[in-house]
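Asker: Predicted model and sequence below, questions to follow.
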Amino acid sequence: LTSVTIPDSVTSIGEGAFDDCPNLTSVTIGNGVISIGGRAFLKTGLKSVTLGKSVTFIGYAAFSLIDNLTNVTIPDGVTNIGESTFTHCKNLTSVTIGDSVTNFFTEAFFGCIRLTSITFEGNAPELLGNDLYDSTEDPRFRFNRNAKVYVKANATGFGTTFGGLPVCV
């Protein structure tokens with residue numbers, strides 16, 4: 001299994017659905033999918049993920065431990081970014097977060113050692129957990145010290161830093 005297209009008729013991807021499919025490199029998730037279960041794509045070979053417009057829920061560790069994933073766009077419909085959603089995606093460099101996210105577990109990106117850019121399309125979500133930049137030297141939780149948060153000029157709730165990272169307009 002190297003690529004999957006989830007049709008618009010599917011509304012949910014179950015827990016662990018594609019867990020540990022190392023040859024799965026591409027997935028397109030249809031616009032009918034509302035929820036992605038926990039560990040759904042854990043330890044896959046994904047290089048790209050296209051999330052449908054209807055996704056509102058992404059489960060625990062749904063996209064964790066994926067070495068080939070370099071960038072992710074979380075669509076506007078998602079309201080919560082859960083704990084460990086993208087942890088230990090060691091080559092993830094950029095994330096764009098849609099404007100409807102209201103709760104953001106900072107541990108969602110722990111161990112993403114090459115992540116340099118987090119772009120928020122909307123206002124600041126509530127941060128749940130530790131700072132985005134965890135100063136611990138434990139490599140399991142290391143976060144790129146040079147990462148920056150990018151926001152739109154009219155976005156509210158951001159200061160000069162957000163979750164311990166510098167904010168750029």
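Answerer: Cool, the structure landed. Worth saying up front: this structure is predicted, and the values here are computed from it rather than measured.
Asker: so what's the spatially most central residue of the chain up against?
Answerer: Most central in the chain under CA atoms, centre = their mean is residue 86, positioned 5.0 Å from the mean C-alpha point. Residue 86 is in contact with 63-64, 66, 69, 72, 92, 95, 108-109, 112, counting by CB atoms under 8 Å, 6 or more residues apart in numbering. The C-beta positions use only the backbone N, C-alpha and C, and glycine is treated the same way.
Asker: So which of the residues you listed sit within strands?
Answerer: Within the contacts of residue 86, membership in strands is found for 72, 95, as judged by DSSP state E.
Asker: In TSV, list the contacts of residue 86 along with neighbour count.
Answerer: Output for these, formatted as TSV (neighbours: other CB atoms under 10 Å):
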residue	neighbour count
63	26
64	23
66	25
69	24
72	24
92	25
95	22
108	27
109	24
112	25
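Asker: out of the contacts of residue 86, who's nearest residue 165?
Answerer: Using CB to CB, residue 109 comes nearest to residue 165 of the contacts of residue 86, at 10.7 Å.
Asker: The spatially closest residue to the closest one that is not a sequence neighbour: which element?
Answerer: Once flanking residues are discounted, residue 109 sits nearest to residue 86: 5.4 Å by CB to CB, 6 or more residues apart in numbering. Assigned by DSSP states H and E, residue 86 falls within no helix or strand.
Asker: Just the pLDDT for residue 86.
Answerer: Note on residue 86: pLDDT of 92.
Asker: I appreciate the help and will end here.
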